[in-house]
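using only what follows, build the 3D model:
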Amino acid sequence: MARSAAGMALRQQISIMTTRAMTSPEIRARVADKCRELRDAEIRAGRASVVYQTRTDGHANRPEEAVTLQNGRVTYIFSYIAQAAQAALDWCRSHSPVRSGSYRDGWVVRVDGALWTRQIAAIPPASRVEVVNTMPYSRKIEVGGQRTSVPPGIVEAARGAVQRQVPAITAGVEYIRLTSGQDARGGALPYVLKAQGIASGLSYDKKSRQWGRKHKARKTRRADRSAGQQMTYPALVLTEGDTQWQR
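Now for the predicted structure:
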């Protein structure tokens, strides 16, 4: 939990004002404006995440103007993990091939092992977040086994971009199992390989931005790519602590 000298000064100002006009709407507005002013100053200074939740007297997403003037509390819960999750999701979607749109639409967020369907800003601090594409060919696209309009390694590139953008979190890449649900086209998860995996032989040259081929496509001998095996999906994994301020 982080506190600032500005926050202490605000509490003194609120105390002085509320003793003069306990029921004045103008006082509520001034208190709310001051809370937001100090919140935004901390964000601009880089000491707080741009993603946060507001709790007024313990109620989530209640406006600051609703705070009880006597012993009320406005709390901003800043979540770097939520900021990173949104940045990762946006990055992956914007860098996806869009021939059909299914791959771009296949990106989902999982929190502590479960699909997250609420607002990204509501992801609890200190959660483990996975940004993963549910389409059955996501692994091929990641490792360069399928020619697309974009370079391979989308998840790895997203890892670097998000780590630079939100240095307070730790970003990594893992191949995870998806045990239930549907992909963007309605297919069941996880995808089960129907035949022995194929080593495509494709290669991508970053300098020339051209696709080439190291060898002809051939069946791979890898046991984890044999028929009947469940596919593992490349995922961007995000972890962090939390920063919380009370006003």
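
lowest confidence element among the helices and strands of this protein?
strand 243-246 (a mean of 42; mean pLDDT, DSSP states H and E).

quick check: the gap between R177 and A171.
20 Å (Cβ to Cβ, to the nearest Å). C-betas here are computed from N, CA, C, even on glycine.

the two: who's more crowded?
A171 (25 against 11; other Cβ atoms under 10 Å).

any buried residues in whichever strand or helix holds that one, and which?
Per DSSP states H and E: A171 is located in strand 170-176. Buried positions in strand 170-176, judged by neighbour count with 16 or more other Cβ atoms under 10 Å: A171.

only alpha carbons, please: show that strand as PDB.
Taking only C-alpha atoms (Å, rounded to 0.1, in the frame of the first residue of the first chain), the coordinates of strand 170-176 have been written out as PDB:
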ATOM      1  CA  THR A 170       6.700  -9.900 -15.100                       C
ATOM      2  CA  ALA A 171       5.800 -11.200 -18.600                       C
ATOM      3  CA  GLY A 172       6.600 -14.700 -19.800                       C
ATOM      4  CA  VAL A 173       5.600 -17.200 -22.500                       C
ATOM      5  CA  GLU A 174       4.300 -20.700 -21.600                       C
ATOM      6  CA  TYR A 175       2.500 -23.400 -23.500                       C
ATOM      7  CA  ILE A 176      -0.600 -24.200 -21.600                       C
END
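
tell me which residues are up against the strand or helix carrying W91.
Element membership for W91, per DSSP H and E: helix 80-94. Helix 80-94 is contacted by residues 49-51, 104, 107, 109, 120-123, 125-127, 129, 131, 133, 154-155, 158, 161-162, 165-166, 168-169, 171, 236, 238-243 when judged by Cβ atoms under 8 Å, 6 or more residues apart in numbering.

quick check: angle from the strand holding A171 to helix 80-94?
Per axes from the mean of the first three to the mean of the last three Cα atoms, to 10 degrees, the angle that strand 170-176 makes with helix 80-94 is 60 degrees.

quickly run through the sheet partners of strand 170-176, with directions.
Sheet pairing for strand 170-176, assigned by DSSP bridges, gives strand 233-239 (antiparallel).

figure out how far the partner strand is from the centre of its chain.
The chain centroid and the centroid of strand 233-239 are separated by 10 Å under Cα atoms, centre = their mean, to the nearest Å.

what's in contact with it?
The contact list for strand 233-239 (Cβ under 8 Å, 6+ apart) reads 81, 84-85, 88, 92, 110, 126-134, 138-139, 142-143, 155, 158-159, 162, 169-178, 190.

now it: buried residues?
Quick answer for strand 233-239 (16+ other Cβ under 10 Å): 233-238.

and for stretch 68-84?
Using 16+ other Cβ under 10 Å as the test for burial, stretch 68-84 gives 69, 72, 74-84.

how long is that stretch end to end?
Distance between the two ends of stretch 68-84: 33 Å, counting by Cα to Cα, to the nearest Å.

that stretch: how far from the chain's middle?
19 Å.

just the buried residues of stretch 68-84 now: which is nearest V150?
Taking Cβ to Cβ as the measure, V150 lies nearest A84 of the buried residues of stretch 68-84, at 21.8 Å.

distance of that closest one relative to E130?
With distances taken as Cβ to Cβ, A84 is found 12 Å from E130.

V51 too?
Remark: distance between V51 and E130 (Cβ to Cβ) = 17 Å.

elements contacting the helix or strand containing D33?
For D33, the host element (DSSP H and E) is helix 25-44. If contacts are counted by 3 or more Cβ pairs under 8 Å, 6 or more residues apart in numbering; DSSP states H and E, helix 25-44 sits against helix 5-20, strand 74-78.
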